[in-house]
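**Q** With the sequence up front, the predicted model follows.
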Amino acid sequence: MSKKQRRDIPRFAHPIIETHCHLDYLEPGGLSEELLNARDVGVERIITIAVSPDNLDKVQAIAQREDRVYCTQGVHPHEAENYTQEVDSRIREGASDPKVVAIGEIGLDYYYDHADRGVQRKVFADQLEIAATCDLPVVIHSRDADEDMRAILSEHLDRLPKRGVIHSFSSGLSLAEFALDANFMLGFNGMVTFNRADNVRDAVAITPVDQLLLETDAPYLTPVPYRGRSNGPRYLPFIAEKIAEIKEMPIDALLAQCYANSEQLFFTTSDSGAA
């Protein structure tokens with residue numbers, strides 16, 4: 001699709017909450033512009049996600065500086081071998097900040113295998129315990145690890161009353177069904193618009209609308225019709241449109257429910273700061 005054929009980003013009546021992006025990955029100087037562009041299309045609040053010891057402080061600083069931005073604290077499975085007791089303590093300390101709304105991005109990734117699988121499993125379990133202790137939901141990354149993901153979550157369900165979300169969901173339907181039955185939410189992003197992502201659309205189809213979250217995972221996974229550009233929260237309306245189409249429901253009804261889901265999971269005990 002050429003640039004001339006790309007339609008403008010739609011603006012809907014209901015506000016949107018961006019539940020998963022990486023604002024600290026934006027090009028220098030691009031943060032202010034992205035926040036303005038997102039607000040212009042109705043994105044009211046944004047959660048920027050921690051992934052490594054190196055960016056725990058960065059995402060927290062952005063959240064503290066920007067009224068409408070919130071963050072998480074956690075270490076991605078790619079970084080599991082860099083998880084130390086000092087990092088564990090930093091996550092626990094960071095979790096006390098009112099702008100921290102979850103522990104994440106944590107989980108398992110057996111596709112890239114950037115860290116030993118045994119180490120990944122231990123670090124995932126350790127951070128689930130932090131979430132339990134701090135009474136926070138979790139933001140989970142899961143790729144090609146369905147069996148172990150299910151096993152570890154099963155062991156911790158009793159300690160996780162706030163549950164959480166498996167973000168950027170692209171796993172098998174059996175994991176989706178397990179997570180949904182356990183009252184987790186599933187997060188969907190620009191992949192839902194990709195031509196070859198029937199598996200993602202199938203997962204959307206079986207997800208009750210009251211367990212569905214909108215995200216971009218920006219700057220990655222830009223939705224059609226802007227695929228190929230750097231992603232940003234501004235493109236959330238395209239993701240919402242596609243999900244509303246799959247769910248066969250009006251877009252504003254979908255947005256209202258996803259907004260309520262985001263509020264329930266991340267903002268029930270914190271000051272949203274929304275105007």
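**A** Cool, got the structure. Computed from a predicted structure; not experimentally measured.

**Q** Span of stretch 53-71 from start to end?
**A** Using C-alpha to C-alpha, to the nearest Å, the gap from the first to the last residue of stretch 53-71 comes to 14 Å.

**Q** Please point out which parts of it sit buried.
**A** 53, 55-56, 58-60, 62-63, 66, 68-71 (16 or more other C-beta atoms under 10 Å). C-beta coordinates here come from the backbone N, C-alpha and C atoms, glycine included.

**Q** residues making contact with it?
**A** 23-24, 31, 35, 39, 44-50, 72-73, 75, 79, 82-84, 87, 90-91, 94, 97, 99-101, 266-267, 270, 273-274 (C-beta atoms under 8 Å, 6 or more residues apart in numbering).

**Q** Inside helices: which ones of these?
**A** Among those, the ones falling in helices (DSSP state H) are 31, 35, 39, 87, 90-91, 94, 266.

**Q** Helices of the stretch 151-275 of the chain, residue ranges please.
**A** 173-181, 198-206, 236-247, 251-266 (DSSP state H, counting those that start in this stretch).

**Q** Past the strand or helix carrying Phe124, which element shows up next along the chain?
**A** Secondary structure from DSSP states H and E places Phe124 in helix 117-134. Using DSSP H and E, the next helix or strand after helix 117-134 towards the C-terminus is strand 138-143.

**Q** average pLDDT for that following strand?
**A** Averaged across strand 138-143, the pLDDT comes to 98.

**Q** what does stretch 265-275 give?
**A** Here the average pLDDT along stretch 265-275 is 63.

**Q** Need the pLDDT of the nearest residue to Ser96 once chain neighbours are set aside.
**A** Counting by C-beta to C-beta, 6 or more residues apart in numbering, Ser96 lies nearest to Cys134, which is 7.6 Å off, once chain neighbours are set aside. pLDDT, Cys134: 97.

**Q** go on, Asn82?
**A** 98.

**Q** isn't it right up against Ser52?
**A** Yes - the criterion here is C-beta atoms under 8 Å, and Asn82 meets it with Ser52 at 6.8 Å.

**Q** and for those two, which residues touch both?
**A** Val75.

**Q** Is Arg229 bridged to anything, and to what?
**A** On the basis of DSSP bridges, Arg229 is bridged to Arg227.

**Q** what does the lowest-mean-pLDDT helix or strand in the chain contact?
**A** Sorting the helices and strands of the chain by mean pLDDT, DSSP states H and E puts helix 30-40 at the bottom, at a mean of 95. By C-beta under 8 Å, 6+ apart, the residues outside helix 30-40 that reach it are 11, 18, 23, 26, 46, 62, 66, 68-69, 232-234, 236.

**Q** cool, stretch 227-234 as well?
**A** With contact meaning C-beta under 8 Å, 6+ apart, stretch 227-234 is reached by 9, 18, 21, 26-27, 34, 37-38, 40-41, 43, 46, 190, 193-194, 216-223.

**Q** circling back to that earlier point, what is the nearest of the contacts of helix 30-40 to Ile206?
**A** Nearest to Ile206 among the contacts of helix 30-40, counting by C-beta to C-beta, is Leu236 at 21.9 Å.

**Q** show me the contacts for that closest one.
**A** 16, 18, 38, 41, 43, 214-216.
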